[in-house]
Every structure is written in structure tokens, then in C-alpha cells.
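Participant: please work out how this folds:
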Amino acid sequence: MDAGAEAWDRHLLDEDTFTENFRNDDWPSRTYLCYKVEGPDQGSGVPLGQDKGILHNKPAQGPEPSRHAECYLLEQIQSWNLDPKLHYGVTCFLSWSPCAKCAQKMARFLQENSHVSLKLFASRLYTRERWDEDYKEGLRTLKRAGASIAIMTYREFEHCWKTFVLHDQEGSCFQPWPFLHKESQKFSEKLQAILQGA
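Facilitator: Residues are numbered from 1 along each chain as shown. Next comes the predicted model:
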């Protein structure tokens, strides 16, 4: 993984950054990806302290193209040289669903690494492509490759709040925004329609 990605591999977000980027009734320009890895035992290939983390996309800078958080995650997993005889489950919580290219890259990764499974929960659907055919096919290809893809509900938002957020006060509870459930339901229905080929 390059230095730019490592600089953003942190274990906790502040409360405002989490809310600004994961709130599903808003449209932030950055993608955050919070991940956790479940493997057989400690010492089974995942470096100490890297079993969970936070990554985000890197905008284009000069001649360097932009890089998506999903690409950083795949590079990180590949750098671990995981034992192919063991099984590793990676659960990701994304502020946006993967774009068409990232979905295809993740599908290829799963096809080449049968010892790794991916479970993806997205706050909202990626909208830059307005759900064109490439985007829809990317998500369907990712699902066919074995990934579990779903929209975050209150349960996943609360889990992220407890697992990936540094709290201003001890015991700070997740406070849902007014339209969380409605937006989750809307995106979930759209995602199911895409995955079923509609």
C-alpha cells in the first residue's frame, strides 16, 4: 500500500466525520470504508492491529489519478499474504456503495482469493453513474462472485458508531437522524431491484 493510503488508515473517526459522511440523507464527496477482518487465530496472517481500520478515497493530485477506498482495501489484504488454506471474513461499512470499476475489481479479487469472503454494507448507493447498466452489472457481478451486499440500517450505523467512532463523551450513544429508516428502506429497495436484474 502506498504512503497516501497508510496516512488515512486509522482506527477511529471523530463523531462529526462519521455523521457527515455516513448520514444517508446527505451527499458527501468522500467515500469512507470501515473494515474488520475475522480470521482463524491471531498470527494467521493479518498483521497485529490491522484487523480493523478506516480508509477513504484519495482525490486526483496532479498527474496522479484518484484512488478509491475499495482499491486501498484490496491492496492491503493482498499485502498480508494470507494463508490460502484458512478462511478470512472481511466486513466493510461504506459511506457509498462501490462504483462499477471497484465492484468489478472486488469481484475479480474474490474469484482469485477463495479463502476471503466479503460482506458489504453501504450507507447509500453510488449515484455518479445514476445507476447506469455498467454500475448495475458491477454490483451483480460482485454478488455473483460471492459478496454479500446490503444497505446499512439502524443496526449497522449503531455498530459503526460503537466500533469505529471516537466519542466526545464516555458512553455517547448513537443518535439516528430523522429520516435514517426511510432512506435505508429506499436504498435497500433500489439495491434489491438492481441485484435482481431490474
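
Participant: contacting residues around Asn57?
Facilitator: Residues near Asn57 by Cβ atoms under 8 Å, 6 or more residues apart in numbering: Arg30, Thr31, Ser66, Arg67, His68, Ala69. From N, CA and C alone the C-beta is placed, and that goes for glycine too.

Participant: the nearest residue to the last one once chain neighbours are set aside and Leu13, how far apart?
Facilitator: It refers to Ala69. Using Cβ to Cβ, 6 or more residues apart in numbering and skipping the chain neighbours, the partner closest in space to Ala69 is Leu33 (3.9 Å). Leu33 is 11 Å from Leu13, where distance means Cβ to Cβ, to the nearest Å.

Participant: what do these two both touch?
Facilitator: Common neighbours of Leu33 and Leu13 (Cβ under 8 Å, 6+ apart) are Ile54.

Participant: ok, those two, which is more surrounded?
Facilitator: Leu33 (24 against 21; other Cβ atoms under 10 Å).

Participant: surely the more buried one and Leu55 touch.
Facilitator: Yes - using Cβ atoms under 8 Å, Leu33 is in contact with Leu55, at 4.8 Å.

Participant: for the protein, which segments count as helices?
Facilitator: 3-6, 15-22, 69-79, 100-112, 133-144, 154-164, 180-195 (DSSP state H).

Participant: which residues outside the longest one are in contact with it?
Facilitator: By that I understand helix 180-195. 24-25, 97, 122, 124-125, 131, 135-136, 139-140, 143, 149-154, 157.

Participant: quick check: the gap between the nearest residue to Asp14 once chain neighbours are set aside and Trp177.
Facilitator: Nearest residue to Asp14 in three dimensions, chain neighbours excluded: Leu166, at 5.6 Å (Cβ to Cβ, 6+ apart). Between Leu166 and Trp177 the computed distance is 20 Å (Cβ to Cβ).

Participant: my guess is Gly53 contacts Pro47, does it?
Facilitator: No - using Cβ under 8 Å, Gly53 is not in contact with Pro47; the gap is 10.7 Å.

Participant: who's more crowded, those two?
Facilitator: The neighbour count for Gly53 versus Pro47, taken as other Cβ under 10 Å, is higher for Gly53 (20 against 9).

Participant: distance of that one from Leu120?
Facilitator: Distance of Gly53 to Leu120, given as Cβ to Cβ: 16 Å.

Participant: low-scoring stretches of this structure, by residue?
Facilitator: 1-10, 41-44, 60, 127-131, 198 (pLDDT under 70).
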